[in-house]
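Trainee: Fold the following.
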Amino acid sequence: MPLWRRGWILLLTALLPLALSGCMLSASPEDLYALPQLPEEYKSLSAQLSEALSAGAEYAAPQAGGNLPPVQMKDLDGDGVDEVLAFFRVNSEDRPLKIYIFRVQGDDYVQAALIDGAGTSFHSVRYEDMDGDGAQEIVVSWRVSAEVQALSVYSVKNLEPVQLMTSSYARYEVVDMDGDGDLELVVVRSDETESGLSLADYYDWDSGKSMLQLQSTARLSASVATIQWMQAGALQEGERAVFITARDAGADETSRAITDILACRQSELANIVLSSDTGFTTQIARFLNLPPGDVNGDGATEVPRPAELPTEPGEDPCWKIYWYCYTADGADSAQAITYHNLTDSWYLLIPEQWDGRFTVRQTNVSSAVHATTFYSVRGRSPGEELLTIYTLTGADRETQASKSGRALLRRRTDTVYAISYSAGYDEWSYAVDRSVVEESFKPIEKRWSMGEN
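Mentor: Below is the predicted model of the structure:
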């Protein structure tokens, strides 16, 4: 879709409410003459949107996710021509939320379909070709009330909406769980029969791909209110899985990360880390605000498990992170060790021979110069200094990075990372080549959650 077309749609969306409210009635002839003229094909669309607004509708843009404008363009039927979707709310109607779908007919846009729903607002909308036929399904999240959200999926083949499924939900993920090439749906909701727990429903296509049917349900280990992340990922052999991480308070008031892992077993959804003895996940660790991820680049998703590093009495604790991947039967194996500096947005993959033989101290030399120093370990205390990683954010960051003894690690828009080695680093029994250390340094890419699922 050419950018200029999207630009006209955005302009049209912005100008219509102003025109209808009378805000443009006081404009001078010169001002009106200067307003951009809509291309012919958009005049009919403008008229239809104006008619809806004049009749009492108001724009109701989705509130979260990657598709936020109240008027959007998307090729729904796969013919190479974008349709226009307009999101409205008509408060006087029983089903006030409306999605108008317009298609091109000759030189005009005409209304092709209408999807409506109950609720107060659209939470999100997502477009996915779930059955591989080239047409997009529309995944709509409706906010029914302050406490309740509903999820619906629509087929729009031939621009004729058909509801494929609907359910109350707290989180969801669209993912090919069974590896058949089609996308299925995993929906997390509260367990109405047991307070404080939640369930994951698995929706798969029926044999004719005409509906998404509830195939099975798996039990989760925490309430929906405590879920921090729900994300699609991969098991050790490449099988698709969904990782759900909740944050809960332990007996000692320490925050715990509670991780459930969902995979498909013989067409049934299974929580592969659920203990048959306790009915609870076996994957419980200290919560350090680290979601699962592929930290070592092997394609599998690893789950973090922190372990405290040696410190002097009274010092704030620092943590090394063991990362575990999983087989389809829930067996775990350690794949990597890292030290994460979340404040300064970087991590270091720790060489295996360092494990148990290093610790870390953080020092803020100034607001613009942060230093993280790695030490050898003597008993349970820091020993000899090994190396220091600098996070430099001041106007003089390039000068700071080029100081004697420092080597550049990475540059980012407003940050420079550098490293220096102590005189004794190369004599340390567990030292690795400096190039290995520097290649193991990774900036953390900020993940902007749009709250879509």
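Trainee: now the strands for the stretch 1-150 of the chain?
Mentor: For the stretch 1-150 of the chain, the strands defined by DSSP state E, counting those that start in this stretch occupy 58-59, 71-74, 83-89, 97-105, 108-117, 121-128, 137-143, 149-155.
Trainee: now those strands in a markdown table, with mean pLDDT?
Mentor: Shown next, in a markdown table, are the strands of the stretch 1-150 of the chain (pLDDT from 0 to 100):
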| stretch | mean pLDDT |
| --- | --- |
| strand 58-59 | 94 |
| strand 71-74 | 93 |
| strand 83-89 | 95 |
| strand 97-105 | 94 |
| strand 108-117 | 93 |
| strand 121-128 | 97 |
| strand 137-143 | 96 |
| strand 149-155 | 96 |
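Trainee: Of all the ones you listed, which one is nearest residue 249?
Mentor: Checking the strands of the stretch 1-150 of the chain against residue 249 by C-beta to C-beta gives strand 149-155 as the closest, at 25.2 Å. Heads up, the C-betas are built off the backbone N, CA and C, glycines and all.
Trainee: Compute the inter-axis angle for that closest one and strand 121-128.
Mentor: Relative orientation of strand 149-155 and strand 121-128, computed by axes from the mean of the first three to the mean of the last three C-alpha atoms, to 10 degrees: 40 degrees.
Trainee: I'd like to know which elements strand 149-155 is packed against.
Mentor: In terms of contacts (3 or more C-beta pairs under 8 Å, 6 or more residues apart in numbering; DSSP states H and E), strand 149-155 is packed against strand 108-117, strand 137-143, strand 162-169.
Trainee: Residues in a beta bridge with residue 361, which ones?
Mentor: residue 373 (DSSP bridges).
Trainee: Looking at the nearest residue to residue 281 once chain neighbours are set aside now. What's its pLDDT?
Mentor: Counting by C-beta to C-beta, 6 or more residues apart in numbering, the nearest residue to residue 281 once its immediate chain neighbours are dropped is residue 221, at 4.2 Å. In this prediction, residue 221 carries a pLDDT score of 95.
Trainee: And residue 221, how far from residue 201?
Mentor: Note on residue 221: its distance to residue 201, by C-beta to C-beta, to the nearest Å, is 16 Å.
Trainee: Between these two, which is the more surrounded one?
Mentor: It is residue 221, of residue 221 and residue 201, that has more neighbours when counted by other C-beta atoms under 10 Å, with 24 against 19.
Trainee: The more buried one sits in which helix or strand?
Mentor: Secondary-structure assignment from DSSP states H and E places residue 221 in no helical or strand segment.
Trainee: Likewise for the one 10 residues further on?
Mentor: Element membership for residue 231 (DSSP H and E) is strand 227-234.
Trainee: State the mean pLDDT of the helix or strand following that strand.
Mentor: On the C-terminal side of strand 227-234, the closest following helix or strand by DSSP H and E is strand 240-249. For strand 240-249, the per-residue pLDDT values average out at 95.
Trainee: Then stretch 385-405?
Mentor: In this model, stretch 385-405 has a mean pLDDT of 96.
Trainee: Just the CA coordinates for that stretch, please, in CSV.
Mentor: Listed next in CSV are the C-alpha coordinates belonging to stretch 385-405 (Å, rounded to 0.1, in the frame of the first residue of the first chain):
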residue,chain,number,x,y,z
GLU,A,385,39.6,-7.1,39.7
LEU,A,386,39.3,-8.6,36.2
LEU,A,387,37.5,-6.2,33.8
THR,A,388,35.1,-3.3,33.8
ILE,A,389,32.2,-2.5,31.4
TYR,A,390,31.3,1.1,31.1
THR,A,391,27.9,2.6,30.1
LEU,A,392,28.5,6.1,28.9
THR,A,393,25.6,8.5,28.2
GLY,A,394,27.0,12.0,28.6
ALA,A,395,27.8,14.5,25.8
ASP,A,396,31.5,13.5,26.2
ARG,A,397,30.7,9.7,25.9
GLU,A,398,33.0,9.3,22.9
THR,A,399,35.9,10.9,24.8
GLN,A,400,35.1,8.8,27.8
ALA,A,401,35.1,5.6,25.6
SER,A,402,38.5,6.4,24.1
LYS,A,403,40.3,6.9,27.4
SER,A,404,43.6,5.0,27.8
GLY,A,405,43.0,1.3,28.4
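Trainee: residues making contact with it?
Mentor: Identification of contacts with stretch 385-405 by C-beta atoms under 8 Å, 6 or more residues apart in numbering yields 341, 344-346, 348, 358, 366-376, 406, 408-409, 414-422, 424-425, 428, 431, 437, 441.
Trainee: which of the residues you listed count as buried?
Mentor: Those of the contacts of stretch 385-405 that meet the buried threshold are 341, 344-346, 348, 358, 369-376, 406, 409, 415-422, 425, 428, 431, 437, by 16 or more other C-beta atoms under 10 Å.
Trainee: Select from the residues you listed every entry located in strands.
Mentor: Applying DSSP state E to these, the entries found in strands are 341, 346, 348, 358, 369-376, 406, 409, 416-421.
Trainee: Quick check: chain neighbours aside, which residue is closest to residue 148?
Mentor: Per C-beta to C-beta, 6+ apart, closest to residue 148 is residue 168, 6.2 Å.
Trainee: give the contact list for the one you found.
Mentor: Here residue 168 is in contact with 144, 148-151, 189-190 (C-beta under 8 Å, 6+ apart).
Trainee: Quick check: of the residues you listed, which has the highest neighbour count?
Mentor: Note: the member of those with the most neighbours is residue 151, at 23 neighbours, neighbours being other C-beta under 10 Å.
Trainee: Would you enumerate the residues in contact with that residue?
Mentor: Applying C-beta under 8 Å, 6+ apart to residue 151 gives the contacts 139-142, 165-169, 172, 187.
Trainee: run the last query once more with 6 Å
Mentor: Residues in contact with residue 151 (C-beta atoms under 6 Å, 6 or more residues apart in numbering) are 141, 167, 169, 172.
Trainee: what mean pLDDT would you report for whichever helix or strand the last one is part of?
Mentor: Under DSSP H and E, the secondary-structure element containing residue 172 is strand 171-175. In this model, strand 171-175 has an average pLDDT of 97.
Trainee: partner strands of it, parallel or antiparallel?
Mentor: With DSSP bridges as the test, strand 171-175 is paired with strand 184-190 (antiparallel).
Trainee: Downstream of the partner strand, the next helix or strand is which one?
Mentor: Moving toward the C-terminus from strand 184-190, the next element (DSSP H and E) is strand 198-205.
Trainee: Touching that next one from outside, list them.
Mentor: If you take C-beta under 6 Å, 6+ apart as the criterion, strand 198-205 is touched by 165, 182, 184-191, 212, 214-218, 220, 223-224, 262, 269.
Trainee: what pLDDT, on average, does it get?
Mentor: For strand 198-205, the per-residue pLDDT values average out at 97.
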